[in-house]
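In: Next come a sequence and a model predicted from it.
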Amino acid sequence: MTDSPNPTPGLPPLSGAAPDELPNAGPTPNAGPTPNAGPTPAIVADPSPTEPLPPPVWNPPAVASAFEPVAASSSPIPTGPAASPSIWSDPQTTTYSPAPQPPSDWERTTRAGSAGGPTPGWFEQAPAPVAVAAAPRERRAGPSLVVIATVALLAALLASVGTFLGLEASGALDRTVANVPTPSGTTTSSTPVTQSGRFDESSAIIDAAAKAGPAVVQITSTANVNPNDLGSLPETGIGSGIIFDSNGWILTNHHVVAGSDKLIVALQNGKTYPGTIYGIDTLTDLAIVKIDASGLPVATMGDSDTLKVGQLAIAIGSPLGTYTNTVTSGIVSAMGRSIAVDGGDTLNNLIQTDTAINPGNSGGPLLDAGGNVIGVDTAVASNAQGIGFAIPINIAKPLLQQALANEPLVRPWIGIRYQPIDAALVQADKLPVDHGALVGAGQDANGQTTPAIVPGSPAEKAGIKDGDIITSIEGTTIDTSHPLDAVIAQYAPGRTVTVEIYRNGSTVKVQVTLGTRPANL
């Protein structure tokens, strides 16, 4: 069945032919009146018995109906497709008009004996006749359409303004992300980052690029030729960096500057400066470069602990070492990723993003919608597309503080071996808690068993034991989103922190003074 209307009884079937081309049918024998059929229109004026009835005239109806009422007649009833004009016919279509006939005896008798009574019809009896002249319609005074439309528009406008004012007063239109305290000396935003309810992604990207772009640099590293190899050529690599202090302090990746003998730092405005390596991170793929300059534009440091999967992420860098200050965008795809990099090292607690990151982007910033640095672009999956990784900026912040204080770059250490607790470990070991870090013995790279607590370490001095479950540090819950090493890395060596431990069915708190991570770990 289709959506086309059903054919009207007594009407010719629809076809591709024009109305004038529909076949006509000859007259059919008189069928006589048919009881209980469709209604007939009211007889407007009774013709005189001696006067012939006017021929019926068909006018195309505005809307198709199941039965089309017609005037009563004693003449043969036309049937067949041509006897009932199609409702789709135009005024030029030929209509059927039977010859005028005097009224029959039964029609005269009915009219004479029951004046005003029901008039027999072809299908079913019709209601009493209705007079031709329609009563004049009373014109009632009322508002015009223009006035009604004006009032409706004003009401809608007032309602919209009221809704806006209500949302504005409740603070629903402006969500404020509070600043998180960061180590002194680092450059962070002094005002809250506000993301409006009327968020426009393209505008946010434009504003973020304008805000952070001037603080993104290109770093060209060159390694001298080997004097013992006459066929060797200088090796050159190009990466990116982030100015975090106006006096020439730059954060970048370790692999961007590793093994270099010469560094050239190019600013967005085209100026270039020679650079030197200030220090290398012993925990992650980070390094700090210094140039002799002042009054430089500075990037604003964000808070990577507040990131949500799915939020906007923007990258700026020099992909392929050619397209400087290229801006790409995507989202934060996941948190807490671990990857194996060249050389057998493993990088943990990374941000995964589908923002386009290519060789040359390394060391550049990953930004949020406010143009604040939330990570340092580090790696990209070589056998896939749309999978890139960045080191969370909160892991880098202690290094920024140490550099500005002219201290060596070091990492904190407590001296334990542990397993991160997840659902599988909870089920396998029947653990009483579903989060934290389980302290226990392990194996080194050579397969040798290593103790859970390193002798003489800060953990041993604080009384941490094998089998303890560390559940929080300084109030931060240890879980899959906040692993133990990532939380500890945000503090400087020498800092005393409160460690909460689940032990033998109860919770205890101990004070641990963080040590310095050994370089060989």
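Out: Yes, it's here.
In: The closest residue to Gly310 other than its chain neighbours sits in which helix or strand?
Out: Spatial nearest neighbour of Gly310, excluding adjacent residues (C-beta to C-beta, 6 or more residues apart in numbering): Ile331 at 5.5 Å. Placement of C-beta: from N, CA and C, glycine included. Applying DSSP states H and E as the criterion places Ile331 in strand 326-340.
In: Now the element after that strand, going C-ward?
Out: strand 346-353.
In: Which residue ranges of the stretch 151-300 of the chain form helices?
Out: 201-212, 254-257 (DSSP state H, counting those that start in this stretch).
In: which residues sit against the shortest one?
Out: What it means is helix 254-257. Outside of helix 254-257, the residues within contact range by C-beta atoms under 8 Å, 6 or more residues apart in numbering are 219, 221, 237, 239-241, 263, 277, 280-281, 284-287, 289, 341-342, 362-363.
In: ok, now stretch 348-355?
Out: By C-beta under 8 Å, 6+ apart, stretch 348-355 touches 304, 307, 313-315, 328-339, 366, 374-375, 378-379, 386-392, 395, 483, 485-486.
In: switch the cut-off to 6 Å
Out: Stretch 348-355 is contacted from outside by 313, 315, 328, 330, 332-334, 336-338, 375, 386, 388-390, 392, 483, 486, using C-beta atoms under 6 Å, 6 or more residues apart in numbering.
In: picking that back up, closest one to Ala299 among the helices of the stretch 151-300 of the chain?
Out: Evaluated with C-beta to C-beta, the helices of the stretch 151-300 of the chain place helix 201-212 nearest to Ala299, the distance being 5.2 Å.
In: Distance of Asn406 relative to Asn247?
Out: Distance, Asn406 to Asn247, using C-beta to C-beta, to the nearest Å: 12 Å.
In: Run through the stretch 401-521 of the chain and note the low-pLDDT ranges.
Out: Scanning the stretch 401-521 of the chain for pLDDT under 70 picks out the ranges 445.
In: next one: the chain
Out: 1-147, 161-199, 225-234, 445.
In: Where does the record place the domain boundaries for it?
Out: The chain breaks down into these domains under automatic domain parsing: 1-126, 202-407, 412-516.
In: residue ranges for the helices of the stretch 401-521 of the chain, please.
Out: 423-429, 458-462, 484-488.
In: Dump the last one to PDB, restricted to CA.
Out: Right, helix 484-488. This file holds the C-alpha atoms of helix 484-488, laid out as PDB (Å, rounded to 0.1, in the frame of the first residue of the first chain):
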ATOM      1  CA  LEU A 484      51.000   6.900  42.900                       C
ATOM      2  CA  ASP A 485      54.000   7.900  40.800                       C
ATOM      3  CA  ALA A 486      52.100  10.800  39.100                       C
ATOM      4  CA  VAL A 487      50.900  12.200  42.400                       C
ATOM      5  CA  ILE A 488      54.400  12.000  44.000                       C
END
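In: which residues sit against it?
Out: So helix 484-488 is contacted by Asn349, Pro412, Ala437, Ile473, Thr476, Ile478 (C-beta under 6 Å, 6+ apart).
In: which of Asn406 and Asn247 has more neighbours?
Out: Asn247 (14 against 7; other C-beta atoms under 10 Å).
In: how near is that one to Gln218?
Out: Applying C-beta to C-beta, the value for Asn247 to Gln218 is 19 Å.
In: next one: Asp305
Out: Relative to Gln218, Asp305 is positioned 29 Å away (C-beta to C-beta).
In: out of the two, which sits in the busier spot?
Out: Ranked by neighbour count (other C-beta under 10 Å), Asp305 and Gln218 place Gln218 first, with 23 against 17.
In: From Pro274, how far out is the more buried one?
Out: For Gln218, the distance to Pro274 equals 14 Å [C-beta to C-beta].
In: Could you do Tyr418 as well?
Out: As for Tyr418, its distance to Pro274 is 44 Å (criterion: C-beta to C-beta).
In: Among these two, which residue is more densely surrounded?
Out: Just comparing Tyr418 and Pro274: by other C-beta under 10 Å the higher neighbour count belongs to Tyr418, 22 against 10.
In: Just give the closest residue to that one, not the sequence neighbours.
Out: Ala437 (4.2 Å).
In: Show me the beta-bridge partners of the one you found.
Out: Following DSSP bridges, Ala437 is listed with bridge partners Pro420, Ile470.
In: give the contact list for it.
Out: Residues counted as contacts of Ala437 (C-beta under 6 Å, 6+ apart) are Tyr418, Pro420, Ile470, Ile478, Leu484.
In: Pick out whichever of those residues sits closest to Ser203.
Out: Of the contacts of Ala437, the one sitting nearest to Ser203 (C-beta to C-beta) turns out to be Ile478, at 38.2 Å.
In: Return the backbone torsion pair for that closest one.
Out: Torsion angles at Ile478 (phi, psi; degrees, to the nearest 10) stand at phi -90, psi 120.
In: Good, wrapping up.
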